[in-house]
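Undergrad: Take a look and give me a structure for this.
(one chain, ligands or ions: 1)
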Amino acid sequence: MNQDELKDAVAAAAIDEVRPHLHRDTVLGIGTGSTANRFIDRLAELRHDFAGAVASSEASAERLRTHGIEVFELNSVGTVPFYIDGADEVNAHLHMIKGGGAALTREKVVAACAERFVCIADATKRVERLGAFPLPVEVIPMARSYVARELVKLGADPVYREGVVTDNGNQIIDCYDFMIDDPQAMEARINAIVGVVTNGLFAARGADVLLLGTAQGVERLSPA
Ligand SMILES: O=C[C@H](O)[C@H](O)[C@H](O)COP(=O)(O)O
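TA: Here you go, the predicted model:
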């Protein structure tokens with residue numbers, strides 16, 4: 001199976017994961033990216049079985065609405081039973097790097113409001129150690145150079161993602177050459193830099209279950 005087929009397989013598995021829990025009041029938390037898009041497309045068939053969704057990006061909100069799925073403001077919903085999203089990297093503890101599509105901050109907020117985080121990913125995303133994928137950091141624009149200098153002190157090679165403006169009106173710095181031994185400590189350390197909105201390490205709040213698409217089928221994994 002190619003990578004697209006593996007993404008389709010995990011999207012289908014995520015539908016099976018949430019379908020038994022849907023009722024007419026259910027609001028789902030929905031992620032961003034090519035894997036989450038496949039889940040959204042499959043969710044369209046079930047749109048009469050639940051109330052709607054909270055989206056982690058304008059792009060996902062638009063896609064949900066296109067399928068006739070109502071999109072709610074997070075502030076009017078509170079908690080959601082599930083957050084379903086992809087990842088750029090995921091380790092055995094189900095800590096992740098996210099934000100390749102610049103949606104990390106809203107993703108982290110919706111994930112924080114979720115009872116269960118269901119990560120959907122193809123096997124290329126599974127790593128032993130996080131960091132081969134450049135770690136995204138969302139910064140307020142006037143703090144970009146200062147934050148970059150602080151990231152160098154932490155051992156990263158920061159590169160401004162030119163031309164990208166997040167849904168929150170901010171900018172992204174990608175941290176290259178930055179292998180991460182302790183994701184929880186590094187997540188907190190980067191977030192403590194003045195001017196950082198958040199970073200793409202999802203370790204304090206990792207996933208609760210990983211649906212991993214492999215050539216042998218979809219594996220359902222819990223945190224080690
Ligand atoms: O900002 C983007 C998100 O964190 C995505 O979930 C992540 O980049 C994975 O995207 P994809 O499913 O397209 O590989």
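
Undergrad: C-alpha only now, for contacts and for neighbours.
TA: Will do.

Undergrad: Quick one: list the elements packing against the longest strand along the chain.
TA: The single longest strand within the chain, with elements called by DSSP state E, is strand 114-122. Under the contact criterion of 3 or more C-alpha pairs under 8 Å, 6 or more residues apart in numbering; DSSP states H and E, strand 114-122 touches helix 3-18, helix 34-43, strand 80-85, strand 209-214.

Undergrad: Give the next helix or strand downstream of the first one.
TA: It stands for helix 3-18. strand 27-30 (DSSP states H and E).

Undergrad: what does that next one contact?
TA: 36, 40, 50-56, 60, 77, 80-85, 110-111, 114 (C-alpha atoms under 8 Å, 6 or more residues apart in numbering).

Undergrad: Out of those, which end up buried?
TA: Buried subset of the contacts of strand 27-30 (neighbour count, 16 or more other C-alpha atoms under 10 Å): 36, 40, 50-56, 60, 80-85, 110-111, 114.

Undergrad: Keep those, but drop any that are not near the ligand.
TA: For the ligand, the contacts drawn from these by C-alpha under 6 Å from any ligand atom are 36, 85.

Undergrad: quick revisit: for the helices and strands packed on strand 114-122, could you give me TSV that also reports mean pLDDT and distance to Asp157?
TA: What follows is these, written out as TSV (pLDDT from 0 to 100; distance: least, C-alpha to C-alpha, whole Å):
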stretch	mean pLDDT	distance to Asp157
helix 3-18	97	29
helix 34-43	98	27
strand 80-85	98	27
strand 209-214	98	29
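
Undergrad: is it possible to export those to a markdown table including distance to Gly131?
TA: Shown next, in a markdown table, are those (distance: least, C-alpha to C-alpha, whole Å):
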| stretch | distance to Gly131 |
| --- | --- |
| helix 3-18 | 21 |
| helix 34-43 | 20 |
| strand 80-85 | 19 |
| strand 209-214 | 19 |
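
Undergrad: So for Ala123, which of those sits nearest?
TA: strand 209-214 (5.3 Å; C-alpha to C-alpha).

Undergrad: any idea how far Gly86 is from Tyr160?
TA: 23 Å (C-alpha to C-alpha, to the nearest Å).

Undergrad: make that Gly213, sorry
TA: From Gly213 over to Tyr160 (counting by C-alpha to C-alpha), the distance is 32 Å.

Undergrad: Pick out whichever of those two has more residues nearby.
TA: Comparing Gly213 with Tyr160 by other C-alpha atoms under 10 Å, the one with more neighbours is Gly213, at 27 against 16.

Undergrad: Quick check: beta-bridge partners of the residue nearest to Ala148 when sequence neighbours are not counted?
TA: Spatially, and ignoring its direct neighbours in sequence, Ala148 is nearest to Pro158 (5.8 Å; C-alpha to C-alpha, 6 or more residues apart in numbering). Pro158 forms beta bridges with Cys175, as assigned by DSSP bridges.

Undergrad: ok, now which ones touch Pro158?
TA: Contact analysis of Pro158 by C-alpha under 8 Å, 6+ apart lists 148, 151-152, 173-176.

Undergrad: Could I get the average pLDDT for stretch 108-127?
TA: Averaging pLDDT along stretch 108-127 yields 98.

Undergrad: what residues does that stretch touch?
TA: Contacts of stretch 108-127 (C-alpha under 8 Å, 6+ apart): 3, 6-7, 10-11, 14, 29, 35-36, 54-56, 74, 78-92, 202, 205-214.

Undergrad: Show the model's pLDDT score for Pro136.
TA: Pro136 is given a pLDDT of 98.
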